[in-house]
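> task: produce atomic coordinates for the following.
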Amino acid sequence: MNGEVLAGRYRLLTLLGRGGAGEVWQAEDTVLARQVAVKLLRSLDGDPMDAVERFRAEAQSAARLTHPNVVATYDVGTEGDHVFLVMELVPGPDLAKLMRTSGLPTPGMVETIATQGARALDAAHEAGIVHRDIKPANLLLAPDGTLKMTDFGIAKRAGNETTGLGVLLGTASYVSPEQVRGEPATPASDWYSFGCVLHELLTGTPPFTGPTADVVMRQHLDVPPPPITRTDVPAELAGLVTHLLAKDPAARPSSAADVTALLSPANQTQVLAYTPTAVADVVGVGHWEEDVEPETTSHRPSGFPRAKAAVAVAAVVVVGVVAAVLLRAGVSNDPPTAQAGGTPSVPVQKTTAAPKTTPKPKPTPTPTKTTPTKKPSPKQTQNPQAILVQRLRTLAAQVRATQQDSHSKAPRDAANQLDQAAQAVDHGDLQSAAQHFYTARQRLFEAQQHNRWQPTQQIVSLFVALGQTLPRPSGDHHE
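As a prediction, the model looks like this:
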């Protein structure tokens, strides 16, 4: 395909990366005489025009982002049965590759990355775009030290990783607690993921690591983030990371102004410079390589002790992980309500006053106050069946949305199976629901095995939760 011209304008020059959904090329815009990056999707079956329109809509959404810290989107089009996206070419490595080749950046450099990345997130969120996939591979570093965030609203696929039959994998190292629970990603989710990235830049590992995905995901839900113990890291920078990794989305910084305030007085901008590498490192659209080095390598700065914990890439396995995640999602708000409701304090006050005077036992029939306290609980705790139906329908919608990036009818077929699973649960038939659910999972896995479909982090999280809740149908041996 080298030398081919797309839309009579973009001449493909050098293949930069290849993944399950297509290729990334360095190209020449022959009209404006400039170098660009072209993300080229492979041929689509099913309804290609529908996929083109969805891809075009997402490209237009990303094109609204005009910011120095965001990779610019220039054009979107079709050539035969291919869809392509034209983006700004950033002649520099992503942060994942930079850590692998050069070690960890200095704390001053991380402060600059934090400030610039926060500005990029501000621009995206103000435009109504949630990234959903913040990770080192989607943060590029230009030769002049400018940080560029890429794949806004477009790259929703997880890494191109597959394993044994019946298993879907995705990166969980940067996923927020609410995404683990199967809830929609929000701007706060992006800030949490960004905190995971900053933690890795400072320590060499994401905040939570483990031998399996379920271990990592439980930590995102329940374990406080580990402190940053490097003696050369300013307290303000370490504090910023801790705030970004708050379990409660409302407790996280939510703007570049918040980040700057938390970094003060350690917020002086420092220019990031590095020696440009070979053309293979010229990446404009994130990490699209088949020969990706496993993320099990612990990065370390030169002269700094190796991080003790090796990074286990958190692969999200759909079968048998995260016990009771679905139930946790349904009742996660109840414990705070129970603690905040002053049920214990009222009886204690009445009981203390009771011994003083005989008439005071009259208020003792405080069941009147106990009853109202108990009433909110059933209202806040949803019916498990309703939660299950809701999760299945959400998963169906998420899977259906990936049809645009797939080269198979699998997402549409799987989404229909998931809709049927939701209907079966609604009618109280869990066995039938499980059959439809695992049929959908198997359909998607087969497409993924042939590099024709990739899951998003939220899809993986929902499969995790539902797979732990639904019974396994008889004869299912796909572990």
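> what about the strands in the stretch 101-250 of the chain?
Using DSSP state E, counting those that start in this stretch, the strands of the stretch 101-250 of the chain run over residues 139-141, 147-149.
> among these, which comes closest to residue 392?
Of all the strands of the stretch 101-250 of the chain, strand 147-149 sits nearest to residue 392, with 32.8 Å by Cβ to Cβ. For the C-beta atoms, the positions are set from N, CA and C on the backbone; glycine is no exception.
> so what secondary structure elements neighbour that closest one?
helix 107-126, strand 139-141 (3 or more Cβ pairs under 8 Å, 6 or more residues apart in numbering; DSSP states H and E).
> highest mean neighbour count out of the ones you listed?
strand 139-141 (a mean of 26; mean count of other Cβ atoms under 10 Å).
> what helices and strands are in contact with that strand?
Using 3+ Cβ pairs under 8 Å, 6+ apart, strand 139-141 sits against helix 95-102, strand 147-149.
> of all the ones you listed, which lies closest to residue 32?
strand 147-149 (19.3 Å).
> need the contact partners of that closest one.
69-71, 88, 90, 112-113, 116-117, 120-121, 124, 131, 134, 138-142, 272 (Cβ atoms under 8 Å, 6 or more residues apart in numbering).
> swap in 10 Å and give it another go.
Under the contact criterion Cβ atoms under 10 Å, 6 or more residues apart in numbering, strand 147-149 has outside partners 65, 67-72, 88, 90, 92, 94-95, 109, 112-121, 123-124, 131, 134, 138-142, 190, 194, 272, 283-284, 286.
> related to what we said a few turns ago, closest one to residue 215 among the strands of the stretch 101-250 of the chain?
Of those, nearest to residue 215 by Cβ to Cβ is strand 139-141, at 25.8 Å.
> kindly reformat the helices and strands packed on strand 139-141 as JSON lines containing mean pLDDT.
Converted to JSON lines, those look like this (pLDDT from 0 to 100):
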{"stretch": "helix 95-102", "mean pLDDT": "94"}
{"stretch": "strand 147-149", "mean pLDDT": "96"}
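> any idea which of those is most buried?
Sorting the helices and strands packed on strand 139-141 by mean neighbours (by mean count of other Cβ under 10 Å), the first place falls to strand 147-149, with a mean of 25.
> picking up where we left off before, of all the strands of the stretch 101-250 of the chain, which one is nearest residue 468?
strand 139-141 (32.4 Å).
> tell me the mean pLDDT over that closest one?
For strand 139-141, mean pLDDT rounds to 95.
> same deal with stretch 207-214?
Mean predicted confidence for stretch 207-214 is 85.
> C-terminal to the helix or strand containing residue 398, what's the next element?
Using DSSP states H and E, the element containing residue 398 is helix 384-401. Counting by DSSP H and E, the next helix or strand C-terminal to helix 384-401 is helix 410-426.
> and that next one, what's buried?
410-425 (16 or more other Cβ atoms under 10 Å).
> could you point out which of these is nearest to residue 201?
Closest to residue 201, out of all of the buried residues of helix 410-426 and judged by Cβ to Cβ, is residue 411, at 34.4 Å.
> what number of residues lie near the nearest residue to that closest one once chain neighbours are set aside?
Leaving aside its sequence neighbours, residue 411 sits nearest to residue 403 (Cβ to Cβ, 6 or more residues apart in numbering; 4.4 Å). As a burial measure, residue 403 scores 22 neighbours (other Cβ atoms under 10 Å).
> and what of the one 5 residues further on?
By the measure other Cβ under 10 Å, the count of residues near residue 408 is 21.
> that one reaches residue 445, doesn't it?
No: here residue 408 lies out of contact with residue 445, judged by Cβ atoms under 10 Å, at a distance of 11.6 Å.
> about what we covered before: tilt between the helix holding residue 398 and helix 410-426?
Orientation of helix 384-401 against helix 410-426 (axes from the mean of the first three to the mean of the last three Cα atoms, to 10 degrees) gives an angle of 170 degrees.
> from the contact counts, what lies against helix 384-401?
For helix 384-401, the packing partners by 3 or more Cβ pairs under 10 Å, 6 or more residues apart in numbering; DSSP states H and E come out as helix 325-331, helix 410-426, helix 430-449, helix 457-469.
> which of those helices sits most buried?
Ranked by mean neighbours (mean count of other Cβ under 10 Å), the helices and strands packed on helix 384-401 are led by helix 457-469, with a mean of 26.
> just the CA atoms of that helix, as CSV, please.
C-alpha atoms of helix 457-469 as CSV (Å, rounded to 0.1, in the frame of the first residue of the first chain):
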residue,chain,number,x,y,z
GLN,A,457,-12.6,-1.1,29.1
GLN,A,458,-16.2,-0.6,30.0
ILE,A,459,-17.4,-3.6,28.0
VAL,A,460,-14.7,-5.7,29.7
SER,A,461,-15.8,-4.5,33.1
LEU,A,462,-19.5,-5.3,32.4
PHE,A,463,-18.6,-8.8,31.2
VAL,A,464,-16.6,-9.3,34.4
ALA,A,465,-19.5,-8.3,36.6
LEU,A,466,-22.2,-10.2,34.7
GLY,A,467,-20.1,-13.3,34.3
GLN,A,468,-19.7,-13.4,38.1
THR,A,469,-23.5,-13.1,38.6
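> name the helices or strands packed onto it?
Counting contacts by 3+ Cβ pairs under 10 Å, 6+ apart, helix 457-469 packs against helix 177-180, helix 187-203, helix 213-222, helix 325-331, helix 384-401, helix 410-426, helix 430-449.
> worst mean pLDDT among these?
Among these, helix 325-331 carries the lowest mean pLDDT (a mean of 32).
> show me the contacts for residue 224.
Going by Cβ under 10 Å, 6+ apart, residue 224 touches 207, 242, 245-247.
> next up, phi/psi of it, please.
With angles defined as degrees, to the nearest 10, residue 224 sits at phi -60, psi 150.
> likewise for residue 13?
phi -110, psi -60.
> please name the nearest non-neighbouring residue to it.
Nearest non-adjacent residue to residue 13, counting by Cβ to Cβ, 6+ apart: residue 26, 5.1 Å away.
> the one you found: what secondary structure?
Here residue 26 is recorded as strand under DSSP: H, G, I helix; E, B strand; the rest coil.
> and it, how far is that from residue 64?
25 Å (Cβ to Cβ, to the nearest Å).
> what about these two, which has more around it?
residue 26 (19 against 15).
> ok, that one touching residue 38?
Yes: here residue 26 reaches residue 38: they are 7.9 Å apart, a contact under Cβ under 10 Å.
> common neighbours of those two, please.
Counting by Cβ under 10 Å, 6+ apart, the residues touching both residue 26 and residue 38 are 12-13, 16, 89, 284.
> got the contact list for residue 423?
Listed by Cβ under 10 Å, 6+ apart, the contact set of residue 423 reads 389, 392-393, 429, 432-433, 436.
> hmm, back to that, can you check the pLDDT for the residue nearest to residue 13?
In this prediction residue 26 is given a pLDDT of 95.
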